[in-house]
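>>> Fold the stuff below for me.
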Amino acid sequence: MTDLSGIPTTIIPPEESKGRSLFQLAVIRFRRNYAAMAGCVVLLLITLFSFFGPYVISHKYDEVFPSYVNVPPSLEPLPRADTLGDVMKGVADRARVELREFAVDGNTFTATIHADKAIDPRSTRYFDRANEFDNTQVTATEEDGKTLKLTGDVKREYFLFGTDQNGRDLMARVMLGGQISLTIGCLASLVSLFIGVIYGAISGYLGGRVDNVMMRLIEILYSLPFVFLVVVLVVFFGRSFILIFLVIGAVEWLDMARIVRGQTLALKRREFIGAAQALGLTDWQIIRRHIIPNTIGPVVIFVTVVVPKVILLESFLSFLGLGVQEPLTSWGALISAGADKMQSSPWYLIFPAIFFVVTLFSLNFIGDGLRDALDPKDR
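The predicted structure is shown next:
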């Protein structure tokens, strides 16, 4: 198509000329931040590892392997072939029989045991109780039952992260710790977000005596010892998983309220707030429709800092005996336990610390990306 001057023109379809919303522009800016996107991917992988990993591995977080206590990380299956003979001899001694022959062919073993009197076939239970052997059966009986020929399976176990002082798979423990730490971090942050945003917005918008009273209340709560508050709540309500994130969320909302109040004090003098007041909107309508949505940017960024802080607080409570208790665990509890064994068994500390530090960096990168996307003028 050409205009009157003969210059060809292009007609843009309505759907192509449609403008983008502020949310769409923020999403585009966030996607262009490679560090933030990498943080999202890493955080997603850690979440999948923690919540879906237990369905992949065969070990449970509370399963004890007495034969594999303080085993360092390894890609090789256990037990090793050169140690099976000593293990079988030890089992035979516990069964009060003599081990005459022992051989291993792949994942199958054969053994010959002897005693001065007839051996009870039920003694094979001693072999199945060991972590190394399973499905032990009597294949032949000689010398009126004084000699038995046995066969069974050699159980191969993988401990990629090693085991702890109780013989539990550290990988399964790290997965469980990730479930509890991430859950407490997210739930406690949501509790602090819900209370702090509403409280701070109301305090900052109403101002005057209401603001003064509400801020003095926050200062009083700041003065209360955190541990004392936790002890009182535990005494009244008992120790539970839900109580942990409720207590932490009930403390963390104080910082959130002060941040939202500062943002609200700056927003209440803007022109669009005056226009809303002129239109006859109530105070709650203005807070809900205009104040809170315009504070979401700083709030979301602050949440990415609160989550790792909450995880550290949970580990502090677990260290005092007020948080997660055995056989449950968390990254913080694992790090606290690993610090005591750092010299003799460094893998106790290394693996949970790696997951915690990587999660911390991922959340920081995501927070920086959200800051740049929601308020690009601050870059």
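>>> So what's the gap between stretch 218-228 and the chain middle?
Distance of stretch 218-228 from the chain centroid (Cα atoms, centre = their mean, to the nearest Å) equals 28 Å.
>>> Can you name the residues in contact with that stretch?
Residues outside stretch 218-228 that contact it (Cβ atoms under 8 Å, 6 or more residues apart in numbering): Val251, Leu254, Ala257, Arg258, Leu320, Leu322. Where C-beta positions appear, they are placed from N, C-alpha and C, glycine not excepted.
>>> May I see those residues organised as CSV, with distance to Ile273, neighbour count and secondary structure added?
Shown next, in CSV, are the contacts of stretch 218-228 (distance: Cβ to Cβ, whole Å; neighbours: other Cβ atoms under 10 Å; DSSP: H, G, I helix; E, B strand; the rest coil):
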residue, distance to Ile273, neighbour count, secondary structure
Val251, 31, 20, helix
Leu254, 25, 18, helix
Ala257, 20, 26, helix
Arg258, 20, 18, helix
Leu320, 46, 11, coil
Leu322, 44, 19, coil
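>>> What is the nearest of those to Ile242?
Within those, the smallest distance to Ile242 is 13.9 Å, found for Leu322 (Cβ to Cβ).
>>> hang on, the closest one packs against Leu229?
No - using Cβ atoms under 8 Å, Leu322 makes no contact with Leu229, being 10.8 Å away.
>>> need the longest strand for the protein.
Looking across the chain with DSSP state E, the single longest strand is strand 133-142.
>>> Just the residues contacting that strand, thanks.
Residues external to strand 133-142 that are found in contact with it (Cβ under 8 Å, 6+ apart): 88, 91, 109-110, 121, 124, 127-128, 147-155.
>>> what residue ranges in the stretch 251-379 of the chain are flagged as low confidence?
319, 321, 375-379 (pLDDT under 70).
>>> need the contact list for the closest residue to Val210 other than its chain neighbours.
Ranked by Cβ to Cβ, 6 or more residues apart in numbering and with sequence neighbours excluded, the top spatial neighbour of Val210 is Ser203, at 6.9 Å. Contact partners of Ser203, counting by Cβ under 8 Å, 6+ apart, are Val210, Asp211, Met214, Met215, Ala257, Arg261, Thr264.
>>> Which helix or which strand is home to Ser203?
In this structure, Ser203 sits in helix 170-206 according to DSSP states H and E.
>>> and if you look at Ala35?
In this assignment (DSSP H and E), Ala35 forms part of helix 34-52.
>>> hang on, the earlier thing: determine which two of the contacts of Ser203 are furthest apart.
Val210 and Ala257 (13.5 Å).
>>> from memory Thr110 sits against Leu150, does it?
Yes - counting by Cβ under 8 Å, Thr110 touches Leu150, with 6.9 Å between them.
>>> Okay, and which of the contacts of strand 133-142 map to helices?
Taking DSSP state H as the definition of helices, the contacts of strand 133-142 contribute Met88, Val91, Phe127, Asp128.
>>> picking up where we left off before, what's the helix holding Ala35 packed up against?
Counting contacts by 3 or more Cβ pairs under 8 Å, 6 or more residues apart in numbering; DSSP states H and E, helix 34-52 packs against helix 22-31, helix 170-206, helix 347-374.
>>> Residues contacting that helix, please?
By Cβ under 8 Å, 6+ apart, helix 34-52 touches 30-31, 174-179, 182, 355, 358-359, 361-366, 368-370, 372-373.
>>> hmm, 7 Å instead?
30-31, 175, 178-179, 182, 355, 358-359, 362, 365-366, 368-369 (Cβ atoms under 7 Å, 6 or more residues apart in numbering).
>>> That one vs helix 347-374, what angle?
130 degrees (axes from the mean of the first three to the mean of the last three Cα atoms, to 10 degrees).
>>> Now do helix 34-52 against helix 170-206, angle only.
Using the same axes, to 10 degrees, the direction of helix 34-52 lies 120 degrees away from that of helix 170-206.
>>> per the record, what domains does this structure have?
Listed by automatic domain parsing, the domain ranges of the chain are 39-55+162-378, 81-154.
>>> right, so those: which one is the most enclosed?
Across those, the average number of neighbours (mean count of other Cβ atoms under 10 Å) peaks for domain 39-55+162-378, which reaches a mean of 18.
>>> Could you tell me how far it lies from the centre of the chain?
Here the centre of domain 39-55+162-378 is set off from its chain's centre by 13 Å, with Cα atoms, centre = their mean.
>>> going forward, begin numbering at 799 instead of 1
Understood, numbering begins at 799; the last thing we discussed is domain 837-853+960-1176.
>>> Isn't Gly960 up against Leu873?
No - counting by Cβ atoms under 7 Å, Gly960 stays clear of Leu873, with 11.5 Å between them.
>>> In contact with the nearest residue to Asp962 once chain neighbours are set aside: list those residues for me.
For Asp962, ignoring the flanking residues on the chain, the nearest one in space by Cβ to Cβ, 6+ apart is Leu968 at 5.7 Å. Counting by Cβ under 7 Å, 6+ apart, Leu968 makes contact with Phe959, Gly960, Thr961, Asp962, Trp1145, Phe1149.
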